[in-house]
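K.L.:
give me the fold of what follows.
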Amino acid sequence: MKTTKKHFRTFVRCCEYWQERFGFSHYRITYEHVRLERMFARTTTDPGNCVATIEFTRHWDSRVKFGTRAMNRVARHEVCHLLTAGLLGEALNRHATREAIMDEAEQVVRRLDSIFEKMGPLSGCG
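P.N.:
Below is the predicted model:
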């Protein structure tokens, strides 16, 4: 099924929601509506400059039910890539030190902790 400009706008709104929810409002994200093979969306990042591009497919695979819920799930998934962008960048840098990788891993943990804190008190922890 072909995705429309309206679908694309909905997808962007979903991404912006998750971007805010996960605390990535400092990122400058460009959105593109493009033809992608065998994927619903794709994210490329430049964590050093807090820049990302999120591409949304023009053709939705008919094997997966299409709708706002599905687009929201894909949007959330793509924004989650921002969580690991710095860590991945350090890991792929052949001159990365253990300390740099550990610092990036700590940033991921802190961001996740912040997200969970916004969810409210944990139950079952006495």
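
K.L.:
residue contacts, the residue nearest to the spatial centre of the chain?
P.N.:
Per C-alpha atoms, centre = their mean, the C-alpha nearest to the average position across the chain is that of V79, at 1.3 Å. Neighbouring residues of V79 by C-beta atoms under 8 Å, 6 or more residues apart in numbering: C15, W18, Q19, F22, F24, T43, I54. All C-beta atoms are positioned from the backbone trio N, CA, C, and that covers glycine.

K.L.:
got a ChimeraX select line for the buried ones in these?
P.N.:
A single ChimeraX command is used to select the members of the contacts of V79 judged buried by 16 or more other C-beta atoms under 10 Å:
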select :15,18,19,22,24,43,54
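
K.L.:
who does the helix or strand of the chain with the lowest mean pLDDT touch, helix- and strand-wise?
P.N.:
Here the helix or strand of the chain ranked lowest by mean pLDDT, DSSP states H and E is helix 98-118, holding a mean of 82. Judged by 3 or more C-beta pairs under 8 Å, 6 or more residues apart in numbering; DSSP states H and E, helix 98-118 is in contact with helix 68-92.

K.L.:
for the helix it packs on, the distance to its chain's centre please.
P.N.:
3 Å (C-alpha atoms, centre = their mean, to the nearest Å).

K.L.:
how about that helix: buried residues?
P.N.:
For helix 68-92, by 16+ other C-beta under 10 Å, it's 71-72, 74-76, 78-79, 81-87, 89-90.
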